[in-house]
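**Q** Next come a sequence and a model predicted from it.
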Amino acid sequence: MDFNIKRAFEIVKGKLEGWLETLTEMLPNFVVAILVVIIFYFLSKIVRYGAKKVMSRFIEQTAIIGLLSTIISIITVGSGLVIALNLLHLSKAVTSILAGAGIAGLALGFAFQDISANFISGIIMAFKKPLSVGDIIETNGHTGFVKEIQLRATVLETFQGLHVIIPNRLIFENALTNFTKTHRRRVDLYVGVSYAEDLEQVKEVTEKAVLQNEYLTPEKDVKLVYEGFGDSSINYRVMFWVNYSPSKPNYLEAQSDAIMAINKAYKEAGITIPFPIRTLDFGIKGGEQLRQHLGTNEDQ
């Protein structure tokens, strides 16, 4: 029994001495590893601040700037941890951690693929800048002012005052019309005049009426083209450009003023915009003559 206790004591003592020796040998590496982690931690703060300063020049959305700078900071700290573990000869642990993180990331990606797609679309849009806060856009059946560009979605306020939230993935994948990029927009009006009218006079009167529009661009470019013969009128299209910006979205006002000006000018010039004309013929095969039809009604 004494022999067994003595033997066990020697084994424990040997283990402790081995651990102490290993600790003594690894102590410098352990200290260096701690210093590396501390250095990379403070370095991540500096890198994050610098990344924010740089990205703020190209990206307007503060949420996206915060997300990207945080990711850069985490990568910096993670790099420090990997170096520290390698100094402690724990490279296998590093490999296991990275493999586990990869599998977890893949699983989360599949589980939240729609959310991930919206986030990624928001980041791409932040760099490409197809739209900015304050722009007037049309996308996915909605038209309005861009009020906010978030990581997951873009917020619109329609001209009717509605608050619309559109996922960034839908904006990125579907057609997007930005009315603000050129700061002008063309108004197209479709009108028809009587076959009896002088078309040269119609063109002159119409262009003169539209030129009085206060919303015209400085070039005051008005163009009228005849497009075809209708059932009861000769049809034309008049086109003109108006200034268009988020502060002055004057498209509807310009269109309304042009319609009123053309109508007034036509009345003064005696130009007729005809009503649709329909001819009724009661003498078709299988029918009856109008006179007979009226006579039958009178007898009744």
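**A** Now that the structure is in, tell me what you want to look at.
**Q** For the stretch 201-300 of the chain, just list every one of the strands.
**A** Using DSSP state E, counting those that start in this stretch, the strands of the stretch 201-300 of the chain run over residues 222-229, 234-245, 248-249.
**Q** winner for burial among those strands?
**A** Among the strands of the stretch 201-300 of the chain, ranked by average contacts under mean count of other Cβ atoms under 10 Å, first place goes to strand 234-245 (a mean of 18). The way it works is simple: take the backbone N, C-alpha and C, and place the C-beta from them, glycine included.
**Q** Run the angle between that one and strand 222-229 for me.
**A** Relative orientation of strand 234-245 versus strand 222-229 (axes from the mean of the first three to the mean of the last three Cα atoms, to 10 degrees): 150 degrees.
**Q** re earlier: compile the strands of the stretch 201-300 of the chain into TSV and extend it with columns for distance to Ile120 and mean pLDDT.
**A** Below are those laid out as TSV (distance: least, Cβ to Cβ, whole Å; pLDDT from 0 to 100):
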stretch	distance to Ile120	mean pLDDT
strand 222-229	44	92
strand 234-245	31	90
strand 248-249	31	76
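**Q** Which pLDDT value belongs to Val32?
**A** If you check Val32, the pLDDT there is 80.
**Q** Need the phi and psi values for it.
**A** Here is the backbone geometry of Val32 (degrees, to the nearest 10): phi -60, psi -40.
**Q** which element is the most centrally placed residue in the chain on?
**A** Centroid-nearest residue in the chain: Ile171, 4.3 Å away (criterion: Cα atoms, centre = their mean). Assigned by DSSP states H and E, Ile171 belongs to helix 168-173.
**Q** any idea which helix or strand carries the closest residue to Glu138 other than its chain neighbours?
**A** Once flanking residues are discounted, Glu138 sits nearest to Thr177: 4.2 Å by Cβ to Cβ, 6 or more residues apart in numbering. Per DSSP H and E: Thr177 is located in strand 176-178.
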